[in-house]
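# Predicted coordinates and the sequence they were generated for:
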Amino acid sequence: MVTIENVQHIKDLQQQVKKIFDQYRSIEKENAQLKKLHQQLEVEKQSAMNEVETLREQLKTVKLAQALSGAGDQDQRQLKLQINSYIREIDRCLALLNKD
């Protein structure tokens, strides 16, 4: 037999379910926004990393140019080290090309 208490209890449960469902939709929407933001930040991070690498290469070039223009022993040593570094990098690239 259905009593007034049972009907009220069912209505309370329905309200709780509706409230939970509304919270779920809100959290789902927030999650989608956060995923989109995460993707944007990943793109920005990659762009910044590429820029850092470009700046590092430019710094190497500037240091090399300064070493070429300077005649000091320390500058010549730096120049030789840099040239050796480039030669090793070229050798690694050639080795990778020869593997294919």
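Here it is on my side, so go on.

# after the strand or helix carrying residue 36, next one along is what?
Using DSSP states H and E, residue 36 maps to helix 4-69. Downstream of helix 4-69, the first helix or strand assigned by DSSP H and E is helix 73-99.

# Listing request: residues of the chain with sub-threshold pLDDT.
For the chain, the stretches with pLDDT under 70 are 67, 70-73, 75, 100.

# Where does the record place the domain boundaries for it?
Following automatic domain parsing, one finds the domains of the chain at 1-56, 70-100.

# Make TSV out of those and add mean neighbour count and distance to residue 63.
No exception for glycine: its C-beta is placed from N, CA and C like everyone else's. Shown next, in TSV, are the domains of the chain (neighbours: other Cβ atoms under 10 Å; distance: least, Cβ to Cβ, whole Å):
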stretch	mean neighbour count	distance to residue 63
domain 1-56	10	11
domain 70-100	10	7
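
# Same list (these) but as JSON lines, adding distance to residue 62.
JSON lines is the format used below for the domains of the chain (distance: least, Cβ to Cβ, whole Å):
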{"stretch": "domain 1-56", "distance to residue 62": "10"}
{"stretch": "domain 70-100", "distance to residue 62": "11"}
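
# one step back: other SSEs contacting the helix holding residue 36?
For helix 4-69, the elements it packs on are helix 73-99, judged by 3 or more Cβ pairs under 8 Å, 6 or more residues apart in numbering; DSSP states H and E.
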